[in-house]
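# from the sequence below, what's the structure:
(2 chains)
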2 protein chains.
Amino acid sequence: MVHTGACVASLLGQGGSKRYGITWRWLRFFKNDRDRRDLIVCGSAAGIAAAFRAPVGGVLFALEEMASWWRTSLLWRAFFTTATVAIFLRAMIDVCLSGKCGLFGKGGLIMFDAYSASISYHLADVPLVFILAIIGGLLGSLFNFMTNKVLRMYNVINEKGIICKLLLACLISIFTSCILFGLPLFASCRPCPPDAVEPCPTIGRSGIYKKFQCPPHYYNGLASLIFNTNDDAIKNLFSMNTDNEFEFSSMLIFFIICLSLSILSCGIVAPVGMFVPIIVTGASYGRMVGILVGKRSNLCHGLYAVLGAASLLGGSMRTTVSLCVIMLELTNNLLLLPLIMMVLLVSKSVANVFNANIYDLIMKAKGLPYLETHAEPYMRQLTVGDVVTGPLQVFNGIERVRNIMFILRTTTHNGFPVIDEPPGLEAPVLFGIILRDHLITLLKKKTFLPTPAANNYDVLRQFSSDDFAKKGSTERLKIEDIHLTEEEMGMYIDLHPFTNASPYTVVETMSLAKALILFREVGLRHLLVIPKIPGISPVVGILTRHDFMPEHILGMHPFLVRSRWKRLRFWQTFLEKILSGL
Amino acid sequence: MVHTGACVASLLGQGGSKRYGITWRWLRFFKNDRDRRDLIVCGSAAGIAAAFRAPVGGVLFALEEMASWWRTSLLWRAFFTTATVAIFLRAMIDVCLSGKCGLFGKGGLIMFDAYSASISYHLADVPLVFILAIIGGLLGSLFNFMTNKVLRMYNVINEKGIICKLLLACLISIFTSCILFGLPLFASCRPCPPDAVEPCPTIGRSGIYKKFQCPPHYYNGLASLIFNTNDDAIKNLFSMNTDNEFEFSSMLIFFIICLSLSILSCGIVAPVGMFVPIIVTGASYGRMVGILVGKRSNLCHGLYAVLGAASLLGGSMRTTVSLCVIMLELTNNLLLLPLIMMVLLVSKSVANVFNANIYDLIMKAKGLPYLETHAEPYMRQLTVGDVVTGPLQVFNGIERVRNIMFILRTTTHNGFPVIDEPPGLEAPVLFGIILRDHLITLLKKKTFLPTPAANNYDVLRQFSSDDFAKKGSTERLKIEDIHLTEEEMGMYIDLHPFTNASPYTVVETMSLAKALILFREVGLRHLLVIPKIPGISPVVGILTRHDFMPEHILGMHPFLVRSRWKRLRFWQTFLEKILSGL
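Residues are numbered from 1 along each chain as shown, chains lettered A, B, ... in the order given. Next up, the predicted model:
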């Protein structure tokens, strides 16, 4: 659902799809980088709001995990989106109360509303929950580690072609089916509880007591877990007063199945979720702890399942506030909040020692150029001049068409500095930066000048803002599509009216870490580097996202060692500092 | 509580108070601008978490309203703080269950838990709630408008001295007392309901039926509202199945009293809250609507009170997600979420047309130099060079002590560019920026050089990081405290080791709006302006927060007109665009 929401938003951001004839004219106002990015954030927030019926959690998740560039207005937009989702959802539930919509109207606004009764817990239970959270954090980081490894293995297979991709997906699903149908055969049958509210055993419909291969009036605990939808399984695991329903062995098997299958199924071509499998796994882990602890604790096993799910989520996703709110909106129990907060704190801290959060790992494994928020320690030792690479292509304010065509064909850069040579000055002066897309638009319009004389800004009347709008992925023009006559190649273009005349600049001696902060916080695509001492050229180079990537920097400076354990070392130095200070 | 939390955090950020002997050595790690700012955000989050028992709402409120510079790590720190508060609070409630702590243990984690029963609402109720939200938004902006006016009036009085301040506070409190005791005399007495759960009337203790001046078995509705604590009043207003308890006239009087008293009491020297009075006012407004609507709606009056409180909060504070979560945590009803989200959306949008949120208005009325997030439209027409003011004071890399003393004494600037004149170049080169505090530290240490020769960085060994730590407000050194002999005045200081060698810079032709984005997003104090064409001086000026303030810019460029109705105009153009596009 999150993915779907983001996809719909991306489509809207491209102004609909021309190929399928769904396009609106007013959507063209969103045709720029910033609005498209914001739309995708809002779309994913709407996806979470709809999938988990957690509107506030959706906003927070989108902000904490999705948005790389946060603004107050984005918060307001995401809130607007999810509020609309929530109101519409509530209205549909209202309309569907009569039962005309199949299963849709049944859920209500709270998905796992297992705790309407007030529950109590005391100080004595805290140490146990603490241990549960530590182990949950370890499991979460183990999950991240394994997922990362499996994903990198799949990447190798997936690169071999569409056949291999499909084959992999089929293999995984056959393997999954075999395991799911095979394993319950080894679980023992248990007698139905005499005071069961639901029919026991149930055959041919959903319910919490599955008969599977057992004699009448007996049920198979493992099958009851496996042959339910994930949602029902979570509801069962979270429910109260079911302490004797599941036995330890079947819970252990279920936990191992869930953990390994979620790891295996992530990264195949079929769309598989990440959130719900982790909740199921975590809930079974929590139940296991509950069964192990037994009578030594006052907490019921369902509560342990909730906390186990929270600890595994915290250990693998590492978000805090949004997970807290999502758990709150899923289970509708405000009184649990202090415990859930504690579990999330502990499991996130424990897991942070070992690796990054699952989304960062997936992005890295997929090779997406995602820029991290924090500057690595070695970046403080480097200056911007150390990482900028050449050769640099610059344009003059009034440039020959032939040069533009040549440079656009021979390079893949997306931004080019424009320089001016004012009369009476020795050295040229930086005027601004022009984008590749805009240059191509200019070449396509063919508003060329016969002589290198500056025309005035009247030329802008020939263009509408639509011409420079961000194109959708299918309709983007390439330089190869533009064909000019030899006469046109000899003419000139005045680039001044189309150049961004106030680009962000840094001096070449600027610390790389500080330049990264500027790049990230302001949300730039290109950063011009200017020389410290005025020289022949007014610009040293252009920094793009690629230049800030650790792979690129470490490639240029092989003597730098990337700190693998920097998070651990941070805590170590922090503790040492505090201890020495006391 | 929010204020208290922020104050404690600020004290911690200054390393405790030396004057009162409460200081820890390890607190010195927080002695810098950034950590102090973060600490204050966390402190106010903790304050909200403790005051409203809303830990998640506290985090969100701090981020949405307090933090001008948001980072993921700040979210994590604020979450850590409020989680600790929540866990500690829950543990104390646990300890206090036996009743040893007076009233403390009674509240539970949810303050206004009036809706444990499930409530239902339908599509037909939505239009009414919509109207309620619109009027709530109007009232909220009216509240902001009046508060702003009253605050500016009080500022004039408060400036006249401490006596006037105290007198004002006394006057307001006497006036408040007179109104509160006088008005219930005019309200009519109502007979006690026969099926009342609580004793009616109650005399001499807290309860919802106050006798005041009524005969036995009668109660005074207005007195019942007024002579309770705010918390109890909110609980009464929010409670269900009390539709006949209050009559319209007493509710109207109560609403007017609350509104005017909250406006009047804000800004006097006594610490008065803002949040709870608005909730009370909003709740009474909601009840009023509920009574007016009467039987035409299925919603009970308590529900209207909740929505009314939400609408007034949304209309005056203009936060969205955090208010939503705080309302959720206060009332513990997840099912209300879609309605509350809708009310907040509508009331915020309506109120935004008229004025800014209450905190911005208060900050402006108090004259605090707060920089707005958004660039004003006219800033796009200006360049950085248009607003930068001189004369500029610069230091050489190796500077005579006499010059430093002179410049520090005659100016109030906090940052000075440091320039170098390398041999063989015509023009000097910008080296970096040095802070006033650091210069004063250098002068105090008296590590002077007899000749203008560059010493190496060994001089840094004479300083520890403590010397350059941000000082507390009482222990800050002033230039007047430094006394040097005539011989020392003739010596030199090498400023290079103490200069920030990679300051952020902008070219003088940079658009002012873009420079403001850089300034805000990166969280700067000083921004160096460099010339476009290299000239005599490598630096044109320094931009500080003051230079971005609209008052300053409009003072320099009186032909610019500030758009009062820009928010309204934005929506107007937006609608026009969409309509023309369809």
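# for the rest of this, base every contact and every neighbour count on C-alpha atoms.
Noted.
# what residues does the stretch 351-500 of chain A put near chain B?
Within the stretch 351-500 of chain A, the positions adjacent to chain B are A:429-430 by CA under 8 Å from any CA of the partner chain.
# show me where the stretch 351-500 of chain A has its strands.
Using DSSP state E, counting those that start in this stretch, the strands of the stretch 351-500 of chain A run over A:395-396, A:398-400, A:415-420, A:429-435, A:492-494.
# by contact count, what packs against the longest one?
Yep, that's strand A:429-435 we're talking about. Here strand A:429-435 touches strand A:415-420, going by 3 or more CA pairs under 8 Å, 6 or more residues apart in numbering or on different chains; DSSP states H and E.
# show residues contacting the strand it packs on.
Strand A:415-420 is contacted by residues A:393-397, A:428-436, A:495, A:499, A:526, A:528, A:538-539 when judged by CA atoms under 8 Å, 6 or more residues apart in numbering or on different chains.
# which of those are buried?
The neighbour-count test (16 or more other CA atoms under 10 Å in any protein chain shown) marks A:394-397, A:428-436, A:495, A:499, A:526, A:528, A:538-539 as buried among the contacts of strand A:415-420.
# and the residue of the stretch 301-450 of chain A closest to chain B?
At 5.1 Å from chain B, A:P338 is the closest residue in the stretch 301-450 of chain A, using CA to the nearest CA.
# pLDDT score assigned to that residue?
We note a pLDDT of 85 for A:P338 in this prediction.
# residues in contact with the nearest residue to A:S537 once chain neighbours are set aside?
Excluding the flanking residues, the one nearest A:S537 by CA to CA, 6 or more residues apart in numbering or on different chains is A:P428, at 6.5 Å. A:P428 makes contact with A:419-422, A:536-538, according to CA under 8 Å, 6+ apart.
# neighbour-wise, which one of the residues you listed leads?
A:P538 (24 neighbours; other CA atoms under 10 Å in any protein chain shown).
# and that one, helix, strand or coil?
Here A:P538 is recorded as coil under DSSP: H, G, I helix; E, B strand; the rest coil.
# what about the residue of the stretch 301-450 of chain A closest to chain B, which helix or strand?
helix A:337-352 (DSSP states H and E).
# and the contacts of that helix?
A:129-130, A:132-138, A:140-141, A:307, A:310-312, A:314-316, A:318-320, A:324, A:328, A:567, B:80, B:83-84, B:86-87, B:90.
# what about A:C178, how many residues nearby?
Residues within reach of A:C178, counting by other CA under 10 Å, total 11.
# just checking, next helix/strand downstream of the helix or strand harbouring A:V306?
Using DSSP H and E, A:V306 sits within helix A:301-317. Heading C-terminal from helix A:301-317, the first helix or strand you meet, by DSSP H and E, is helix A:321-331.
# anything in that next one sitting right up against chain B?
Yes: Helix A:321-331 lies within reach of chain B by CA under 8 Å from any CA, at A:321, A:324-325, A:329.
# what's the closest non-adjacent residue to the residue nearest the centre of chain A?
Closest residue to the average C-alpha location of chain A: A:M66 at 4.9 Å, with CA atoms, centre = their mean. Excluding the flanking residues, the one nearest A:M66 by CA to CA, 6+ apart is A:V41, at 6.3 Å.
# so which elements touch the helix or strand the one you found falls within?
Here A:V41 is covered by helix A:33-52, with elements defined by DSSP H and E. For helix A:33-52, the elements it packs on are helix A:2-13, helix A:55-61, helix A:72-95, judged by 3+ CA pairs under 8 Å, 6+ apart.
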